[in-house]
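**Q** coords please:
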Amino acid sequence: MKFAIICLILTTGFMTFGWTANQDKIIDSLVNTKVEREVDLSSQLVKISNTITLENAGKSGVSSFLFAVEPSAANHLSFIGAMSKGDDDHDGDSESLEVARTTVPEHKESTFFRVTFKELLRAGKSAKVDVETVFTHHQTPYPATISQTEPQLVLYTGNVYFYSPYKTTSEKTVVKLSSSSIESYTKVKPVLQSESEITYGPYENTAPFTTEEMKVHCENNSPFLAVSSLRRLVEVSHWGNIAIEENVDIRHTGAILKGSFSRYEYQRDKSGANSVWSFKTLLPAAATDVYYRDEIGNISTSNLHELLDSVEVELRPRFPLFGGWKTNYLLGYNLPSYEYLFNDGDRYVLKIRFVDHIYDNQQIDQAYIRVILPEGAENIELKTPFKVVRGPDERHYTYLDYWGRPVITAYKSDLVEQHIQDFEVHYTFHKWELLREPLMIVVSFYLLFAAVIVWVRLDFSISKDAASESRMRVSGLLEQLQSVHDQRVAAYQAYDDAINKFKSSKDNAAFVSNRKKVDADYKQLTQIITDLQAKLKAEASDTADRVSELQKLDRQVKDQIQLAVTYGEKVVQGKIGKQQYIEAENMTNAKKEELVEKMDAILENL
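**A** Now for the predicted structure:
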């Protein structure tokens with residue numbers, strides 16, 4: 001950013017040098033027959049509206065006139081514009097006039113602008129022109145430091161008379177203030193002070209370049225905010241969206257706060273008349289997905305209101321701003337591209353504002369704009385409604401970019417609300433470029449899936465590892481063995497359930513039927529385990545021997561089940577007593593549990 005500012009300063013110097021080539025001469029036959037000035041000091045800006053009636057007292061027509069700015073104010077000039085006015089002062093008769101910087105060799109200390117008439121001003125004729133000028137940092141806090149409870153006083157230094165290269169027949173100046181609290185002001189008769197207005201004149205027959213220092217010392221508690229740096233990013237997408245992000249460094253340029261800040265007094269007495277608690281930013285009516293954050297994160301104290309012709313965002317910093325305090329924030333939003341991007345075939349035009357409305361009576365010390373165009377844009381041209389410094393083109397890389405997206409950069413200093421105007425970026429973009437990124441995604445996924453298929457299907461080993469394959473087969477057989485064993489243990493429980501049901505119902509036919517069903521399941525499971533044992537013997541004989549032990553324990557469990565069946569039949573038939581049955585049942589159950597635990601231990605070791 002420092003490099004950009006240095007480039008801006010150097011380029012501005014070259015531009016100033018270049019302006020000296022524009023030279024004009026003062027035409028003595030032009031006379032300001034009547035001048036009405038309005039000096040607006042109600043905000044931090046100095047806005048001067050000059051309504052000038054010029055008469056051509058010469059013998060030939062004149063195509064333009066010179067407007068001069070006194071040396072003391074030239075460095076503060078931010079904007080100048082001119083409008084021709086009809087005799088009846090109706091807005092419908094107003095037309096914008098061309099204004100260009102120029103010089104007069106005989107008066108190098110002054111700053112001149114050439115204002116060109118719409119039509120030639122013929123000899124003996126008059127024309128009425130309204131010239132508007134806006135000055136920044138032209139009101140000085142006086143005193144420079146104040147306490148939290150004191151009002152802010154400012155000092156303005158200007159010229160009592162209309163500063164012009166021509167003779168002025170009659171002139172009057174009205175100074176509008178933000179309040180009626182006036183400490184002092186220059187008194188050059190005739191002068192009249194009424195409430196928050198000071199009227200100088202009318203003065204008659206003022207000579208060219210007449211100066212008389214005007215000083216106005218008054219109370220002005222309006223927000224003295226200045227955007228020290230605005231970094232505006234415009235990212236254009238041909239998929240229907242334009243993303244805007246503004247990085248704003250803002251500071252309070254009013255009287256510096258003297259002493260410590262008391263939030264308690266600020267909340268209780270609403271002290272700090274010149275402090276800024278919040279301000280309103282106006283975004284385009286189509287703005288969506290608005291976000292407001294700083295280095296800490298999202299700032300939730302903002303409010304958004306959708307109006308008919310704009311979106312109003314009330315921005316409230318994390319702390320009130322007093323003189324000398326500053327803050328930084330990010331404000332971003334999206335715009336639909338169809339409202340700002342136009343095309344004729346492959347030739348596109350982006351029309352969007354150079355700066356947006358940040359707050360009322362804004363002043364931007366330094367603005368840096370970057371426009372990111374789609375990858376593949378070429379033949380780029382930048383057209384602006386006012387002079388800017390074109391920075392070096394850059395490249396911006398994001399996802400799926402190959403060559404990078406072209407970035408247009410531009411700089412300008414001292415901007416005010418009058419600079420909220422559209423600029424244009426013309427470029428060529430072939431529509432088939434829109435398919436490049438989707439095709440890249442499709443091809444990438446295709447290659448990924450193909451690589452996975454090759455990796456999974458093909459065997460890249462140099463030689464087969466018989467031992468490893470055998471271990472894998474044994475592992476698979478043991479998993480099957482574990483599953484079948486669990487089912488056989490469930491069959492043991494099915495035997496116990498059938499016996500218990502037989503004891504309660506004494507239905508021998510049902511018992512025989514249930515037992516046959518369980519016997520069939522048990523035999524099937526035992527046979528499966530025998531088959532698995534045979535397969536394991538071919539792969540790992542020691543593992544097969546352990547399965548053989550498992551089968552022996554299974555036969556012992558089966559014997560205990562047979563005893564339980566026998567005891568159950570006897571107790572139902574009354575051949576043994578209940579107490580004798582309970583003792584026998586406990587013995588068989590304990591033996592079965594012991595055998596099942598041994599079987600589980602064998603499987604766990606396998």
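**Q** quick one, longest helix in the protein?
**A** Of all the segments assigned as helix in the chain under DSSP state H, the longest by residue count is helix 466-505.
**Q** The helix or strand just after that helix - what's its average pLDDT?
**A** Counting by DSSP states H and E, the element after helix 466-505 in chain order, helix or strand, is helix 508-539. Average pLDDT, helix 508-539: 84.
**Q** Next: stretch 351-358.
**A** Mean predicted confidence for stretch 351-358 is 95.
**Q** Span of stretch 98-113 from start to end?
**A** Taking C-alpha to C-alpha, to the nearest Å, stretch 98-113 runs 10 Å from one end to the other.
**Q** list the contacts for Gln362?
**A** Leu225, Val227, Leu415, Val416, Glu417 (C-beta atoms under 8 Å, 6 or more residues apart in numbering). To be clear about C-beta, it is placed using only N, CA and C from the backbone, and glycine gets the same treatment.
**Q** So which of the residues you listed sit within strands?
**A** By the criterion of DSSP state E, membership of those in strands covers Leu225, Val227, Leu415, Val416.
**Q** Name the nearest of those relative to Ser278.
**A** Of all these, Ser278 sits closest to Leu225, with 11.2 Å by C-beta to C-beta.
**Q** Kindly state the beta-bridge partners for that closest one.
**A** Taking DSSP bridges as the rule, Leu225 bridges to His252.
**Q** you'd agree it is up against Leu321?
**A** Yes. Contact criterion C-beta atoms under 8 Å: Leu225 and Leu321 qualify, at 7.2 Å.
**Q** Give the intersection of the neighbour lists for the two.
**A** Common neighbours of Leu225 and Leu321 (C-beta under 8 Å, 6+ apart) are Ile250, Arg251, His252, Val276.
**Q** what's the model's confidence in the helix or strand the first one falls within, averaged?
**A** It stands for Ile250. Ile250 belongs to strand 241-252 when assigned by DSSP H and E. Mean per-residue pLDDT for strand 241-252: 96.
**Q** List the buried residues for it?
**A** If you call a residue buried by 16 or more other C-beta atoms under 10 Å, then strand 241-252 has these buried ones: Ile242, Ile244, Glu245, Glu246, Val248, Asp249, Ile250, Arg251, His252.
**Q** and those residues, which two are the farthest apart?
**A** Ile242 and His252, at 32.0 Å, using C-beta to C-beta across the buried residues of strand 241-252.
**Q** all helices of the stretch 301-450 of the chain, in order?
**A** Under the criterion DSSP state H, counting those that start in this stretch, the stretch 301-450 of the chain contains helices at 436-457.
**Q** so what's Asp521 closest to, chain neighbours aside?
**A** Among residues not flanking Asp521 along the chain, Ala491 sits closest, at 5.4 Å (C-beta to C-beta, 6 or more residues apart in numbering).
**Q** I'd guessed that neighbour sits against Leu525; true?
**A** Yes. Applying C-beta under 8 Å, one finds Ala491 in contact with Leu525, separated by 6.4 Å.
**Q** on that earlier part again, now the helix or strand that the strand holding Ile250 is followed by: mean pLDDT?
**A** Downstream of strand 241-252, the first helix or strand assigned by DSSP H and E is strand 256-257. The pLDDT scores in strand 256-257 average 92.
**Q** before we move on, what about stretch 206-226?
**A** Per-residue scores along stretch 206-226 average to 94.
**Q** Check the offset of that stretch from the chain's centre.
**A** 40 Å (C-alpha atoms, centre = their mean, to the nearest Å).
**Q** Kindly export that stretch (C-alpha atoms) in CSV.
**A** C-alpha atoms of stretch 206-226 as CSV (Å, rounded to 0.1, in the frame of the first residue of the first chain):
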residue,chain,number,x,y,z
THR,A,206,-14.5,45.1,-6.6
ALA,A,207,-11.2,45.0,-8.4
PRO,A,208,-9.8,41.7,-9.8
PHE,A,209,-7.9,39.4,-7.3
THR,A,210,-9.1,41.5,-4.3
THR,A,211,-8.5,39.7,-1.0
GLU,A,212,-9.6,40.5,2.5
GLU,A,213,-9.2,37.8,5.1
MET,A,214,-12.4,36.4,6.6
LYS,A,215,-12.2,34.6,9.9
VAL,A,216,-15.2,32.9,11.4
HIS,A,217,-14.8,31.3,14.9
CYS,A,218,-17.9,29.4,15.8
GLU,A,219,-19.3,26.2,17.4
ASN,A,220,-19.5,23.2,15.1
ASN,A,221,-20.3,19.8,16.6
SER,A,222,-21.1,18.0,13.3
PRO,A,223,-19.2,14.7,12.8
PHE,A,224,-15.6,15.6,11.7
LEU,A,225,-15.0,12.2,10.1
ALA,A,226,-12.4,11.5,7.4
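**Q** With neighbour numbers in mind, choose between Leu225 and Leu321.
**A** Set Leu225 next to Leu321 and count neighbours by other C-beta atoms under 10 Å: Leu321 wins out with 24 against 21.
**Q** quick one: that one from Ser278, how far?
**A** As defined by C-beta to C-beta, to the nearest Å, Leu321 lies at a distance of 10 Å from Ser278.
**Q** What of Thr149?
**A** Thr149 is 21 Å from Ser278, by C-beta to C-beta.
**Q** Give me the more crowded residue out of the two.
**A** Ser278 (15 against 12).
**Q** Name the nearest residue to the more buried one, ignoring sequence neighbours.
**A** Nearest to Ser278 is Arg316, by C-beta to C-beta, 6+ apart, at 4.1 Å.
**Q** Same check on Ser49?
**A** Glu38 (4.5 Å).
**Q** now do Tyr185
**A** Val216 (4.7 Å).
**Q** ok, the spatially closest residue to Ala534 that is not a sequence neighbour - how many residues close by?
**A** Using C-beta to C-beta, 6+ apart and skipping residues adjacent in sequence, the residue nearest Ala534 is Ala544, 7.8 Å away. As a burial measure, Ala544 scores 18 neighbours (other C-beta under 10 Å).
**Q** Equivalent analysis for Leu341, please.
**A** Counted with other C-beta under 10 Å, Leu341 comes out at 20.
**Q** From Glu604, how far out is it?
**A** 71 Å.
**Q** cool, Lys535 as well?
**A** Taking C-beta to C-beta, one finds Lys535 at 21 Å from Glu604.
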